[in-house]
Structures are given as structure tokens and as C-alpha cells.
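Q: here is a sequence together with a model predicted from it:
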Amino acid sequence: LEFADKLFRSALLSLAGNRAAEAFALKYGLRLGAHKFVAGETLTEALEKIQRLNDKGIAATLDHLGEGVTRISEADSFREEYSRLLIGIRESKADCNVSLKPTQMGLAIDPGRAYDNIKQIVKEARSMRNFVRIDMEDSAYTDDTINIVRRLHAEGYLNVGTVIQAYLFRTEKDIRRLSLEKVNLRLVKGAYKEPKTLAFARMEDVNANFREIIAARLRSGIYTGVATHDEAIIDWVKSFVKEQTTPYSSFEFQMLYGIRTQLQETLAKEGYRVRCYVPYGRMWYPYFVRRLAERPANVLFILKNMIKH
Ligand code: FAD
């Protein structure tokens, strides 16, 4: 079963980078079923959804979908979109920060420019007392992403943090260093296709490492987002913080828009901080495929939707 599962994941993750499949999907628009995971194509639609989450005591992080940018002008227009987005958040008084992808800001084509773009957004966010989360992409960008955040911190921008993935072997070391530097981190299992030389292939190893890094961060007292839908892990975190009397103000649970919505609401009602990751925009295809790869049942959901329409 594990073999079939891996094959499925790997086949779907290959589709994430496939231009023909993307063109096909975009033609069928959000109707394909992507609306389950994507809050809409416009900022207005996304802010409406965020208002509903906030009403339930759930904070948000807003992601304007886009990645793997191949022209610098494209990266610059994404940067401008983030400025608009920050203003939209301020004007609507939403409880919401922003998440962005480094390759969306040009990291794959011009690292210097990507740094400038990200810095500009972090600077604007700081003037609005907001926070920027730099998502973590595949292992080709781990070093650069961490270095961007460390450099910004060294320059006095503390309203920026990144993401650390439990599936990578290097993670324990990164956690140690970033915790010493008091960087706000989101911890995840990891969503990309990685070689065996760099990442745990077995889910149980990923889960064990995930628990270890969560424990290390919760003990450190530095603000941490535990981003997972895995109920076993969530229950374990709840008993860990109870045992260690970890203040609820030092961490938050994070989940993706459209996944385990009931659990998000329950945790918020129980008094935990909960943040929902809300993606919107026209470039939803690779994000959508990664969500499908996480769970075979999602593909069935999409197929049913295609038949209905
Ligand atoms: P899993 O063991 O995969 O899932 C546990 C259970 O959750 C499943 O049994 C299922 O019931 C439910 N579930 C999980 N995924 C889905 C789904 N797609 N649809 C429906 N149910 C599902 N990864 C990165 O590499 N970089 C990032 O920057 C990043 N940011 C993230 C931000 C947030 C807020 C979250 C929640 C995840 C992020 N991820 C990121 C993705 C993460 O790495 C995992 O791929 C994803 O969260 C699935 O793992 P899981 O922890 O939910 O556990």
C-alpha cells in the first residue's frame, strides 16, 4: 500500500510542473474543484472569505498564488500585488498576515532582485505592523530562502519568518541555528518531491522528525506555527503544551483553506490560536496539484466535480 501511495504522490507531483496539464486545468477554471482549496481569483473574494474566518476566531495568512517565475518583470508585478494586498488587509482590518514564495519574487532567475523584492514587501508590512512568511519551496531553494530571512533579521527586520520542513535531513541543524537567532518559524512535513539523499522517504520517519522539531521549538519559547492537519500530531501537541505549561500565546496551529475546517473551528473554540492559509489568484494550478497529491480521496472529489459540471 505504501508503494502505491508513493507512486501516486510522485506521479501527481510531476504533474505540478507540467505545462500541458496546467493549460488543460486552467481552461476548466476553478470549476475543476480547485475552489475547494483556493479562495477565489481576486483579492476581494479572498478578503470576504477571511472575514468569515476572523468571525470564527481564526486568523489568516494570505497568499497570492504564483511561483517559478521566469521573467523579472513578472516577479516585480507580484511584488506590486503584495503591496496592494497589504493595503487591502489594513483597510479591511482583517486579522491576517501574508505568505509568499521566493521563486515568485524571482529567486530562480535573479537572487539579488528577489531579495530586494522581498525586502520591499517586508518593509511595507513593517510600516503596517504586519508580518511576512516566506514559504519554503523545493530543496534547490532552501539555503537561499533561509539566508534571505537571516539577512533581513540582521538588518533589523524582525517581522519576517520562514518555513522548515520535517522531511529534510538538514532540518534539525536549521532549527537550532534559526532558534538561536529567534526567527519565527512555521513547521511543516514538506510538500515537494525530494531525492532520497536529502529527505526521509518513509512517513513514519517524517512524523518522528516533525515531533522532534515541534518539541524543540515549543521548548525554545520562540513563536512557532505548527502547520498540519494530522490529528495525531495535533493531539500530541495539545498534551505536550499542557504538560510543559507552554503559554498558548507562544504558538499557533495552522491549516490550509478548505481542509479540516471543522477542526480549525474546534481548536479556535478551545482557546488555541489558529491561522488559516488562504491562497487566491489565477496561478492556482501547482498549488492545487500538491493538495491532490497529499490525499488520493481529493482526486475522487475532483472527478465527481468534473462529472457534475
Ligand atoms: P498528512 O499526514 O499528509 O495528513 C494528515 C491528514 O490530514 C490526512 O489523513 C487527511 O485527513 C488530512 N489532509 C492532509 N492533506 C490533505 C489534503 N490536501 N486534502 C484533504 N485532507 C488532507 N509545505 C511546504 O513544503 N512548504 C510550505 O511553505 C508549506 N506551507 C504550509 C502551510 C500550512 C498552513 C500548511 C497546513 C501546510 C503547508 N505545507 C507546506 C504543506 C505541508 O508540508 C504538507 O504537505 C501538508 O500539510 C500535508 O501534511 P499534513 O501535515 O497535513 O499531514
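A: Received the coordinates, thanks.

Q: the most centrally placed residue in the chain - nearest residue in space that isn't next to it in sequence?
A: The centroid of the chain falls nearest to Asp135 when counting by C-alpha atoms, centre = their mean (5.3 Å). Once flanking residues are discounted, Asp135 sits nearest to Lys101: 4.9 Å by C-beta to C-beta, 6 or more residues apart in numbering. Yep, even glycine has a C-beta here, placed from its N, CA and C like the rest.

Q: tell me the contacts of that neighbour?
A: Neighbouring residues of Lys101 by C-beta atoms under 8 Å, 6 or more residues apart in numbering: 63, 66-67, 134-135, 137.

Q: go through the protein and flag its longest helix.
A: With secondary structure taken from DSSP state H, the chain has its longest helix at helix 72-92.

Q: tell me the angle the helix or strand just after that one makes with helix 72-92.
A: Using DSSP states H and E, the next helix or strand after helix 72-92 towards the C-terminus is strand 96-100. Relative orientation of strand 96-100 versus helix 72-92 (axes from the mean of the first three to the mean of the last three C-alpha atoms, to 10 degrees): 170 degrees.

Q: quick one: the strands in the stretch 151-300 of the chain?
A: Using DSSP state E, counting those that start in this stretch, the strands of the stretch 151-300 of the chain run over 160-165, 185-188, 224-227, 251-256, 274-280.

Q: packing partners of the first one?
A: In other words, strand 160-165. helix 111-127, strand 132-134, helix 142-154, helix 171-180, strand 185-188 (3 or more C-beta pairs under 8 Å, 6 or more residues apart in numbering; DSSP states H and E).

Q: what about the third one, distance to the chain center?
A: Chain-centre distance of helix 142-154: 17 Å, with C-alpha atoms, centre = their mean, to the nearest Å.

Q: that helix vs the ligand: in contact?
A: No. With C-beta under 6 Å from any ligand atom as the criterion, the ligand is not reached by helix 142-154; the gap is at least 9.4 Å.

Q: show me what that helix is packed against.
A: helix 111-127, strand 132-134, strand 160-165, helix 171-180.

Q: repeat that for the fourth one.
A: Secondary-structure packing of helix 171-180 (3+ C-beta pairs under 8 Å, 6+ apart): helix 142-154, strand 160-165, strand 185-188, helix 203-220.

Q: can you list these in TSV and add mean pLDDT?
A: Formatted as TSV, the helices and strands packed on helix 171-180 follow (pLDDT from 0 to 100):
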stretch	mean pLDDT
helix 142-154	98
strand 160-165	98
strand 185-188	98
helix 203-220	97
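
Q: ok, and for stretch 80-95, which residues are buried?
A: Neighbour counts using 16 or more other C-beta atoms under 10 Å place 81-82, 85-86, 88-89, 94 of stretch 80-95 among the buried residues.

Q: do the same with stretch 150-163
A: Those would be 152-153, 157, 159-163, for stretch 150-163 by 16+ other C-beta under 10 Å.

Q: once you drop chain neighbours, what's closest to Pro195?
A: Ser139 (8.0 Å).

Q: which residues touch the one you found?
A: 168, 192, 194-195, 198-199.

Q: what do you get if the cut-off is 10 Å, keeping everything else the same?
A: 165, 167-170, 190, 192-195, 197-199 (C-beta atoms under 10 Å, 6 or more residues apart in numbering).

Q: then Pro279?
A: Pro279 touches 34, 37-40, 46, 61-66, 99, 256-258, 287-288, 291, counting by C-beta under 10 Å, 6+ apart.
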